[in-house]
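Peer 1: coordinates only, sequence not included:
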C-alpha cells in the first residue's frame, strides 16, 4: 500500500495537535495565573517545548488568546444563529437575538471562569475577534430592522443607522464580557425587559 | 472678649479638619497605590497620626472611601437636578437626565483619575453610596414617567415599574463608573441616541 504524497508541502500531520496542545496549556495557565501574568516561556516550559517552537505556531501570546476567544465567540454566534432560525418574525428575531446573546455569554464565559479573563482582556483592549463579534451583531440588528421595515412591523421615520446603533448600544453591555460581569445579576430580567422596550421603540 | 461655649459638647473645633486631612491623604494614596492596596496604617503613617486615632473618625477604610464616593455622587446628583430644573417637559427631563449623568460621570470620574479607582470598587462591591445613587436615579425615572403619563406625553399600556426599570437598565452602563469606563468612547453618541430611543419607546 502506497501513501499518496500531498500536492503541496504541509507543516506535517501533527501540526493541528501541536496547536491544540499549546491552546490547551494556554487555557490552563491563563485560568490559573491570569492572561496578563502568563508568558510564552511559561507555556513552553509547561508543555516541554522551546519558546521558538511555540512561535512557529503562534506569533504572540495575544495570537493564542485570540484563538481561544474567537472560538468561544463563534460558539456564541452559533447559538445566536440557531435561536434566530426559529424566529417567526423580525420582532421575534430581535427578542431571541438579545436572549441568546445574554444566555450564551453568561454560560460560556462565566460557567467557565477560565475563559473570562481572556475575554475581558479581549474586550478591554478591543482585540480583532471581540471587535468583529460586536460588528457582526450590529450588522444582524440592522438586517432585522430592514426586514421589519419591509413587512411594516417597524416604524421607518428614524434613520436606519441611528435606530440600529441605538439598539446596539442597548445590547452592548450584554455583548461585551467585561461589562456583562457587572450585569449578570439582572441579566435574565434585562433579557426580558430590554427587547420589550426596544420593540416599543420600533412600533410604527 | 469672651468666647461663647457651645450648648452641647462637641468633638472640638478641629474634628472637621482632621476628617478632611484623612480624606485628603486617602485620596492621594488611593490615587497613587490604588484603593485595594492602601491600608489604614499607610494613611496613618502619611499624616503622622496613629491608626487608633484615625479609627476615632472612620470605622474602616471603606468608610473613608464611602465618604469620598458619596460626596462625588452628590455632585453628580446636583448637576442632574440642575439640568432637570431647566427642562420644559417630561421628555426633555429624560433627555437631560441621561445627558447630565453621562457628562457629569465622565467629567467627575475620568478627568479626575484619582477618584476612578474608588468609584470602581464602590460599584463593583455595591457600596451603600453607589446603590443609593442608582436607586435615586431609578426613582427619578419613575417620577418623570408618571408626569409624562399624566400630561399624555407617554404611553400608559406598559406597567409603570416595567417601563421605568427598562429605562434604568438602558442608563445603568452610564451610571455605574465601573461600566462607564468601557463606554466612554461612545458616551456622547449614547447620550444623544439612547434618550431618543427611549422616547420612541414611550410614544403613546
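Peer 2: Nice, thanks for sending it over. Just so you know, these numbers come straight off a predicted model, no measurement behind them.

Peer 1: ok, and does stretch A:92-103 reach over to chain B?
Peer 2: No - no part of stretch A:92-103 sits near chain B under the criterion Cβ under 8 Å from any Cβ of the partner chain; the closest distance found is 11.6 Å. C-beta here means a position set from N, CA and C on the backbone, and glycine is covered the same way.

Peer 1: who's in contact with that stretch?
Peer 2: A:76, A:79-80, A:82-84, A:86-87, A:137, A:140-141, A:144, A:147-148, A:167, A:171, A:174-175, A:180, A:187-188, A:190-191, A:194-196, A:198-199, A:202 (Cβ atoms under 8 Å, 6 or more residues apart in numbering or on different chains).

Peer 1: Provide a PyMOL selection command restricted to the buried entries of these.
Peer 2: This is how PyMOL selects the buried members of the contacts of stretch A:92-103, with burial counted by 16 or more other Cβ atoms under 10 Å in any protein chain shown:
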select buried, chain A and resi 76+79+80+83+84+137+140+141+144+147+148+167+171+174+175+180+187+190+191+194+195+196+198+199+202
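
Peer 1: check contacts around the residue nearest the centre of chain A.
Peer 2: For chain A, the residue lying nearest the average C-alpha position, counting by Cα atoms, centre = their mean, turns out to be residue A:73 (2.3 Å). For residue A:73, the set of contacting residues under the criterion of Cβ under 8 Å, 6+ apart consists of A:129, A:130, A:132, A:133.

Peer 1: Would you mind putting those into a markdown table with distance to residue B:118, secondary structure and neighbour count alongside?
Peer 2: Below are those laid out as a markdown table (distance: Cβ to Cβ, whole Å; DSSP: H, G, I helix; E, B strand; the rest coil; neighbours: other Cβ atoms under 10 Å in any protein chain shown):
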| residue | distance to residue B:118 | secondary structure | neighbour count |
| --- | --- | --- | --- |
| A:129 | 32 | helix | 21 |
| A:130 | 28 | helix | 24 |
| A:132 | 35 | helix | 13 |
| A:133 | 32 | helix | 24 |
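
Peer 1: List just the nearest of the residues you listed to chain B.
Peer 2: residue A:130 (11.4 Å; Cβ to the nearest Cβ).

Peer 1: List the contacts of the nearest residue to that closest one once chain neighbours are set aside.
Peer 2: Setting aside the residues directly before and after it, residue A:130 is nearest to residue A:122 in space (Cβ to Cβ, 6 or more residues apart in numbering or on different chains), at 4.3 Å. For residue A:122, the contact set (Cβ under 8 Å, 6+ apart) comprises A:65, A:66, A:69, A:129, A:130, A:177.

Peer 1: Okay, residue A:122 and residue A:67: tell me how far apart.
Peer 2: The gap separating residue A:122 from residue A:67 is 11 Å, by Cβ to Cβ, to the nearest Å.

Peer 1: hmm, which two among the contacts of residue A:73 are most spread apart?
Peer 2: Using Cβ to Cβ, these span at most 7.4 Å, a distance reached by A:130 and A:132.

Peer 1: average model confidence for whatever helix or strand residue A:135 lives in?
Peer 2: Residue A:135 is part of helix A:128-150 when elements are defined by DSSP states H and E. Mean pLDDT, helix A:128-150: 94.

Peer 1: now the strands for chain A?
Peer 2: Along chain A, no segments are classed as strands by DSSP state E.

Peer 1: Good, we can wrap up now.
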